[in-house]
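Visitor: I'd like to go over a predicted model; first the sequence, then the structure.
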Amino acid sequence: MAEITAHHGLFRNTKLHVDDTGGSGRPVVLIHGWPLSGASWSEQVPALQQAGYRVVTYDRRGFGRSDKTFSGYDYDTLTDDLQALLTELDLQDVTLVGFSMGGGEVARYFTRFGTERLRSVVFAAAVPPYLLQSEENPDGPLTEEMANGMAEQLEADPPSFYDGFVTQFFTAGGELKVTEEQRQEALALTREADKKAALGCMEAFGTTDFRDDLRAVTVPALIVHGDGDGTVPFVGSGARTHAAIPDSTLHVIKGGPHGINVSHADEFNRVLLDFLTV
């Protein structure tokens with residue numbers, strides 16, 4: 001366990017919690033989803049480490065064990081945090097794996113920092129290309145009414161909101177796809193989220209347009225998504241991301257909910273490890 005300091009944005013000494021397995025293997029950086037933390041990758045870290053990779057997870061600012069700043073919950077700042085991590089740890093030939101909201105940092109990285117440090121990227125149940133539905137983006141799966149409703153529920157009663165959100169996170173076809181213990185583990189991670197951070201990031205992942213960012217993706221890319229994802233529906237997100245990135249690889253997990261890295265960990269890990277050989 002370690003910390004890095006992000007020296008940018010309004011708060012120039014933001015501490016980000018990092019877990020780094022170390023070693024000489026090629027680095028794989030896992031970027032967690034909302035409103036969890038790096039601990040949500042517990043099913044992937046051992047498998048990747050056993051395969052010889054250097055595995056790095058971190059807690060996004062405002063979540064987990066990282067600093068809870070007053071602001072900075074936009075994708076430019078969050079991607080600057082990612083770059084601070086890669087720079088401070090001097091990581092090269094990196095594979096970025098962005099789950100859900102984390103797919104936004106992966107996409108934005110290309111237009112802010114290019115490909116110099118990157119080998120490949122993974123969009124896992126990820127929010128690009130653009131969630132918010134509008135006349136200009138009719139295929140966006142998130143309506144303004146839905147977005148406002150989520151924000152109002154979180155503002156009014158965070159414990160109740162998170163309980164329902166985590167249940168949906170792991171549900172597909174009306175069935176919970178994980179054990180109650182696994183659901184409770186994820187729910188515990190939501191309690192580490194700062195409310196201001198959660199609301200700010202909710203707005204960011206719901207309203208940020210990543211279409212131009214995806215056009216800049218020129219390294220090998222894997223899109224992995226559950227076809228039963230009710231949180232970030234595949235047709236409005238993963239399918240469009242695959243179409244937007246030439247020569248990208250798509251793997252659809254049948255019966256997979258949003259939280260496929262837990263519910264279908266064996267399949268997820270197998271597909272990820274296969275891709276890492278590219």
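Guide: Thanks, I have the structure now.
Visitor: Mind pulling the model confidence for K196?
Guide: At K196, the pLDDT value in this model is 97.
Visitor: wait, doesn't it sit right on F63?
Guide: No: here K196 lies out of contact with F63, judged by Cβ atoms under 8 Å, at a distance of 11.3 Å. (Each C-beta comes from the backbone N, C-alpha and C, glycine too.)
Visitor: more neighbours, those two?
Guide: For the pair K196 and F63, the greater number of neighbours falls to F63 (27 against 14), based on other Cβ atoms under 10 Å.
Visitor: For that one, which residues are in contact?
Guide: Listed by Cβ atoms under 8 Å, 6 or more residues apart in numbering, the contact set of F63 reads H32, W34, P35, L36, S37, E192, A193, D194, A197, A198.
Visitor: Give me the pLDDT for the fifth one.
Guide: Meaning S37. According to the model's per-residue confidence, S37 sits at a pLDDT of 98.
Visitor: what's the burial count for it?
Guide: If you count neighbours by other Cβ under 10 Å, S37 ends up with 23.
Visitor: Kindly report the same for the second one.
Guide: Burial of W34 is recorded as 24 neighbouring residues (other Cβ under 10 Å).
Visitor: For the strand or helix carrying E203, buried residues please.
Guide: Assigned by DSSP states H and E, E203 falls within helix 195-207. Neighbour counts using 16 or more other Cβ atoms under 10 Å place A197, A198, L199, G200, C201, M202, A204, F205, G206, T207 of helix 195-207 among the buried residues.
Visitor: from those, which single one is nearest M150?
Guide: M202 (6.4 Å; Cβ to Cβ).
Visitor: List the residues that contact the spatially most central residue of the chain.
Guide: The residue lying closest to the centre of the chain (Cα atoms, centre = their mean) is G102, at 2.2 Å. With contacts defined as Cβ under 8 Å, 6+ apart, G102 is in contact with L30, I31, H32, G33, R60, A124, A126.
Visitor: so which of those residues comes closest to F70?
Guide: Relative to F70, the closest of those is R60; by Cβ to Cβ it sits at 15.2 Å.
Visitor: mind listing what that closest one touches?
Guide: The contact partners of R60, by Cβ under 8 Å, 6+ apart, come to L16, I31, H32, S37, S66, L78, D81, M101, G102, A197, C201.
Visitor: which SS class is the first one?
Guide: The three-state label given to L16 by DSSP: H, G, I helix; E, B strand; the rest coil is strand.
Visitor: wait, doesn't it sit right on L85?
Guide: Yes: under the contact definition of Cβ under 8 Å, L16 touches L85, with a separation of 6.6 Å.
Visitor: These two - which one has more neighbours?
Guide: Relative neighbour count places L16 above the other of L16 and L85, with 23 against 19, counting by other Cβ under 10 Å.
Visitor: For P159, see how far away the residue lying closest to the more buried one once chain neighbours are set aside is.
Guide: Nearest residue to L16 in three dimensions, chain neighbours excluded: S66, at 4.7 Å (Cβ to Cβ, 6 or more residues apart in numbering). Between S66 and P159 the computed distance is 21 Å (Cβ to Cβ, to the nearest Å).
Visitor: who's more crowded, these two?
Guide: Shown here are S66 and P159; by other Cβ under 10 Å, S66 has more neighbours (25 against 10).
Visitor: how close does the more buried one sit to T208?
Guide: In this structure, S66 and T208 are 20 Å apart, going by Cβ to Cβ.
Visitor: re the thing from before, L118: which of the contacts of G102 is nearest?
Guide: Comparing the contacts of G102 against L118 with Cβ to Cβ places I31 closest, at 13.0 Å.
Visitor: ok, that closest one - contacts?
Guide: Y58, R60, L82, L96, V97, G98, F99, G102, G103, E105, V106.
Visitor: All the strands of this protein, in order from the start?
Guide: Counting by DSSP state E, the chain has strands at residues 2-6, 14-20, 27-31, 54-58, 94-99, 118-124, 171-172, 175-176, 221-226, 249-253.
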